[in-house]
Each structure stands twice: as structure tokens, then as C-alpha cells.
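>>> My questions are about this predicted structure, shown below with the sequence.
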Amino acid sequence: MQITSTSAAKGNHGCLVDRMTARSLLGAALGLLILGFSTENASAQAVEQLGSFQQWTAYTYESGGQKICFMSATPAKAEGNYTRRGNISAMVTHRPARETRDVVSIEAGYTYQDGSDVTVTVENRSFALFTQEGNAWARDSETDKAMVTAMKAGLDMVVQGVSSRGTKTKDTYSLKGFTAAYDAISKACP
């Protein structure tokens, strides 16, 4: 698998986010799992699964000699009046070489409405994320850290967004296994 480095967005906390890389890595990881391939047979840049923890799965890979660790989950429930959606996921990423940790990102499976925010609610706390194309991120590292803290303590996370066609969506993620997956990526990318 080839990892590209085309930047899709840059949050205020200095983390370059690559929508295509995230999608291709998650797709490749899921493909390897479905097909039963061992990561030992994959290339040096292949995604390695660190473990599956209830609803969350932790991964690591190298890009340009830099180790990157991330965890992801798909929603337990996806709601909205749509006919078709692409991949839907929530991720938390650590990039030690860039000194970024706890970067939360959401992949909607559609293109967000221009200028719209995504609302992420964990228990009684709500966070506004900015959007670009089909992804959403926190505006700064403090918000990322607050979200991760809430996710560790919560049971569910609800993500609400609006597509470029005006379709409202509501995706509910279980946070079961979140802390264990977070611990796995934090150990692999200290």
C-alpha cells in the first residue's frame, strides 16, 4: 500500500490531516482483516493492527520514517434521510514526530455543507468541529484533548452534520473499548 501526503486540511493546532490517507489506511486495515492477511506479509508501510477493543480498533503504520498511531470506530447507528453514504468513522491519531496527540477526526461518508460545523456530543458536553469536504476536526489541540477526556468517561458519542445537499445526519458511536484502544495507541506512540 502506498501512503500519499496530500494535505486536505490544517487545523489551528498544526496537524496536517490527509483525508485520502486516513480513508485508504482504514480501508486497507479493514481489507487485511477481512481477507485474513497477516501484517507480516504486507509492506513496510502497511497498517498494523494493535488490537481490537470492543467497538474501537487501534492501528499503527510508518510514513516517511515517522510512526503514526490511530484508533477508529464506525457508528453503531447512522441516521438521516439519505440514499447512499460512503465510509463513516471516528478516529483519534497520535503523530509523535509532529508532536501531535489526541487529534480527533470524523469522516462523514459525504461532503459537508460549505462553512458548516459538526456537533459532537459526549454525554452532556458538546463540541463544534470545523469541516472540509467529508471530514471534520477540532479547531485546536485543547478541544481535541477535552474531547478525548470526555470520550474516555462517556458511554456514547453523537455526531451531527449537514451534507452539501442539506441532508441532516446523526451518527451514534459506542465508546465501549475507547479507553483500551487509546491506551494501545499511546503505548505504541508515546
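Good, I have the coordinates. Numbers count the residues shown, from 1 in each chain.
>>> All the strands of the chain, residue numbers only.
9-10, 16-17, 48-53, 56-63, 66-73, 77-80, 89-95, 100-107, 117-122, 125-132, 135-137, 156-162, 168-174 (DSSP state E).
>>> Show me what counts as buried in the last one.
Read that as strand 168-174. 169, 171, 173-174 (16 or more other CB atoms under 10 Å). All C-beta spots, glycine's among them, are computed from the backbone N, C-alpha and C.
>>> just the third one next, same as before
Using 16+ other CB under 10 Å as the test for burial, strand 48-53 gives 48, 50-51, 53.
>>> export those to JSON lines and tack on pLDDT and distance to Tyr110?
Output for those, formatted as JSON lines (pLDDT from 0 to 100; distance: CB to CB, whole Å):
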{"residue": "Glu48", "pLDDT": "97", "distance to Tyr110": "30"}
{"residue": "Leu50", "pLDDT": "98", "distance to Tyr110": "29"}
{"residue": "Gly51", "pLDDT": "98", "distance to Tyr110": "30"}
{"residue": "Phe53", "pLDDT": "98", "distance to Tyr110": "28"}
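>>> any chance of those residues in CSV, plus distance to Glu79?
CSV is the format used below for those (distance: CB to CB, whole Å):
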residue, distance to Glu79
Glu48, 33
Leu50, 30
Gly51, 29
Phe53, 25
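>>> If we only consider those residues, which is nearest to Met151?
Phe53 (12.9 Å; CB to CB).
>>> That closest one reaches Gly177, doesn't it?
Yes - here Phe53 reaches Gly177: they are 3.5 Å apart, a contact under CB atoms under 8 Å.
>>> Specify which member of the buried residues of strand 168-174 is nearest to Arg98.
Tyr173 (25.6 Å).
>>> In space, what's closest to Val158 - neighbours in sequence excluded?
In space, and not counting its chain neighbours, Val158 is closest to Thr121: 4.6 Å by CB to CB, 6 or more residues apart in numbering.
>>> For stretch 74-93, measure first residue to last.
15 Å (CA to CA, to the nearest Å).
>>> Who does the spatially closest residue to Pro75 that is not a sequence neighbour form a beta bridge with?
Residue nearest to Pro75 in three dimensions, not counting chain neighbours: Asp171, with 3.9 Å by CB to CB, 6+ apart. Beta-bridge partners of Asp171, counted by DSSP bridges, are Ala78, Val159.
>>> Asp171 contacts Ala73, correct?
No - counting by CB under 8 Å, Asp171 does not reach Ala73; the two are 10.3 Å apart.
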